[in-house]
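Student: need a structure here:
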Amino acid sequence: MTLGGVAADGSNAVNDLTYILLKVTELLGLRDPNVNARYFEGVNSVEYLRRLCEVNLITGATPSIHNDAAMIDVLGRAA
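Tutor: Below you'll find the predicted structure:
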C-alpha cells in the first residue's frame, strides 16, 4: 500500500484517507501489507512528514518513506 506523494499533475496527493491509513498502521503495527509513504518536499506538508516519522517510530520502521522528487526524476529518465 502506498500513501501520499504527488498526483500526476504535481498536486498534493495527501488527503484524509492518508491520515486514516496512517492511524490504522499505527494501531495495528502490522508488517503486512507493506506500507510505503511518498513525500515530496515543497508539495506535501511538514505536518505530513512529521506524522510519517511519528508512525515510523511507534511501529518500529513502517511506513517506509520514499523521496518522491528523486524517484520521479529517476523513473522519468528511464522512460
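
Student: got the contact list for the residue nearest in space to the middle of the chain?
Tutor: Per CA atoms, centre = their mean, the C-alpha nearest to the average position across the chain is that of A37, at 1.9 Å. By CB atoms under 8 Å, 6 or more residues apart in numbering, A37 lies in contact with 2-5, 22, 52, 63-66. Quick note: C-beta positions are derived from backbone N, CA and C, even for glycine.

Student: out of those, which are buried?
Tutor: Neighbour-count burial (16 or more other CB atoms under 10 Å) is assigned, among the contacts of A37, to 3-5, 22, 52, 63, 65-66.

Student: of all these, which two lie farthest apart?
Tutor: Pairwise distances across the buried ones among the contacts of A37 (CB to CB) peak at 14.8 Å, for the pair L22 and H66.

Student: just the buried positions in the helix or strand that contains V74, please.
Tutor: Using DSSP states H and E, V74 sits within helix 68-78. Across helix 68-78, burial judged by 16+ other CB under 10 Å covers 68-69.
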